[in-house]
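Asker: Below are the sequence and a predicted model for it; my questions follow.
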Amino acid sequence: MYCGIDLAVKRKTTIGVLNNYEIRIYEVSTNEEIIQLCNKANITAIDSPLSHSKGFRNVDKEMIRRGFRVLPPSFMSKLVERAIELSRSLKNVIETHPTSTLKNLGINWRRLHEVKDYVDAAACAMVALGYEIGYVEEIKANDGIIYLLSKNFPYELKRKDYYTFYLKGAK
């Protein structure tokens with residue numbers, strides 16, 4: 001089981017739980033709900049910086065150099081604090097940026113679902129799986145690592161119904 005968290009502070013957080021190549025989407029409000037959904041995950045990928053910074057971290061600058069658009073942690077300090085707190089309660093938490101993963105794979109989220117948060121949570125869950133099976137790019141600097149799915153990830157994200165996606169076998 002793998003978990004993807006599209007973390008939020010002022011709205012509901014969207015969780016993608018990947019089990020047997022199916023990603024089920026949940027909307028939750030509290031950290032307790034997040035922990036309950038993700039506490040058995042092998043890997044949890046979270047869409048939030050996992051460290052504070054007064055501006056862009058070096059890892060963020062590396063993302064920008066590679067053509068990805070990210071915000072500095074200082075723009076979202078409450079989100080970062082919540083992510084750090086969750087990372088202490090869950091095992092094997094990695095930082096990801098689903099918008100960049102989707103860009104890396106050439107996926108337009110609008111073709112998959114009308115709710116971007118749902119696609120982002122599914123992408124985060126895919127990154128968690130990709131991390132474990134060796135299909136991630138590591139964007140690394142002295143102050144953090146952001147994981148994105150590599151272009152050769154062997155599955156394609158498909159929509160099953162409003163709250164469910166699935167991974168179609170090798171592309």
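Answerer: Right, received. Where do you want to start? Residues are numbered from 1 along each chain as shown.
Asker: Quick check: the gap between the closest residue to A141 other than its chain neighbours and I15.
Answerer: Beyond its immediate neighbours in the sequence, the residue positioned closest to A141 (C-beta to C-beta, 6 or more residues apart in numbering) is N58, lying 3.6 Å away. Heads up, the C-betas are built off the backbone N, CA and C, glycines and all. The spacing between N58 and I15, counted by C-beta to C-beta, to the nearest Å, is 29 Å.
Asker: Name the residue in the two with the higher neighbour count.
Answerer: The residue with more neighbours, out of N58 and I15 and counting by other C-beta atoms under 10 Å, is I15; that gives 26 against 13.
Asker: mind checking the SS state of the closest residue to that one other than its chain neighbours?
Answerer: Sequence neighbours aside, Y26 is the residue nearest to I15 in space, at 4.5 Å (criterion: C-beta to C-beta, 6+ apart). Of the three states, Y26 takes strand according to DSSP: H, G, I helix; E, B strand; the rest coil.
Asker: Just the local confidence number for Y26, please.
Answerer: According to the predicted model, the pLDDT of Y26 comes to 98.
Asker: again with the one 4 residues further on
Answerer: According to the per-residue confidence, T30 scores 97 in pLDDT.
Asker: Tally up the residues packed near it, please.
Answerer: Number of residues near T30 (other C-beta under 10 Å) recorded here: 10.
Asker: separation between it and L86?
Answerer: When distance is defined by C-beta to C-beta, T30 is 11 Å away from L86.
Asker: And the helix ranked longest in the chain, how far out from the chain middle?
Answerer: Counting residues, the longest helix found in the chain (DSSP state H) is helix 116-133. Here helix 116-133 is found 5 Å from its chain centre; the criterion is C-alpha atoms, centre = their mean, to the nearest Å.
Asker: could you pull out the helices for this structure?
Answerer: Counting by DSSP H, the segments of the chain that form helices are 31-38, 58-65, 77-89, 98-105, 116-133.
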